[in-house]
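*Asks:* Provided below are the primary sequence and the corresponding predicted coordinates.
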Amino acid sequence: QFKTIKLYPLSKSFTFRSDMFCENSDVFKSTFYAVMTEMEKAHAFLNKRIHDGLADVDMNEPDSVYKKALDFFYDDEDEKAFSLFKQLADAGYARAYSYVAISYENGYGVAKNTELMEKYYEKGIDAGYLWCAYRLANYLYGINDCAKAFTYYMKCGTNENPYMSKALYMVGYMQEMGKG
């Protein structure tokens, strides 16, 4: 029993080819149905990729997936953006943590969830993205958890980053107001 299944990508479509050689008709029949099932799965997968706008994205290249997720995010296609950011974050792609957290914070493409928001901001901070500390501090300050907010503003203010001066301003403001 031999079987070969090939998927040929063409410029605007895909072609499936299956070669099966078998002397036993029962084996041939079960193999044929198994091959057809796999081809249907592949067809459904490709249709979904095209429908989701991902036909041109190499899912094995995190930077291109991240870029596509940003495009979805800025085009207000929140569900698509969240799905890609979440896949990247779960695979350890550090730049995606902040967008997953923002999505959980604001309900972009997913239900609001403060526990998961904090978790992903923390992952971003641990990965060196200190603007996550600034965002988390702002959130905590907004819900009047000033002690934790102060800690995160200090974290953001300790290293050179675009939010350092804003974080240090908030540290000074909170100390002046007796909130830090």
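*Replies:* The structure has been received and is ready for your questions.
*Asks:* could you give the separation of stretch 31-44 from the chain centroid?
*Replies:* 29 Å (CA atoms, centre = their mean, to the nearest Å).
*Asks:* I'd like to know how far A137 sits from D75.
*Replies:* 29 Å (CB to CB, to the nearest Å). In short, each C-beta sits where N, CA and C put it, glycine included.
*Asks:* neighbour count: these two, which is higher?
*Replies:* Counted by other CB atoms under 10 Å, A137 and D75 do not tie: A137 has more neighbours, with 29 against 11.
*Asks:* model confidence over the host helix or strand of the more buried one, on average?
*Replies:* Assessed by DSSP states H and E, A137 sits inside helix 131-142. Helix 131-142 comes out with an average pLDDT of 96.
*Asks:* make 47 the starting number, not 1.
*Replies:* Sure, I'll start numbering at 47, so the last one becomes helix 177-188.
*Asks:* and it, what's buried?
*Replies:* W177, C178, A179, Y180, R181, L182, A183, N184, Y185, L186, Y187 (16 or more other CB atoms under 10 Å).
*Asks:* name the helices or strands packed onto that helix?
*Replies:* helix 143-152, helix 160-172, helix 192-203, helix 210-222 (3 or more CB pairs under 8 Å, 6 or more residues apart in numbering; DSSP states H and E).
*Asks:* and the ones you listed as TSV, adding mean pLDDT, distance to A80 and mean neighbour count?
*Replies:* Converted to TSV, the helices and strands packed on helix 177-188 look like this (pLDDT from 0 to 100; distance: least, CB to CB, whole Å; neighbours: other CB atoms under 10 Å):
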stretch	mean pLDDT	distance to A80	mean neighbour count
helix 143-152	97	38	23
helix 160-172	97	39	18
helix 192-203	95	54	20
helix 210-222	95	58	15
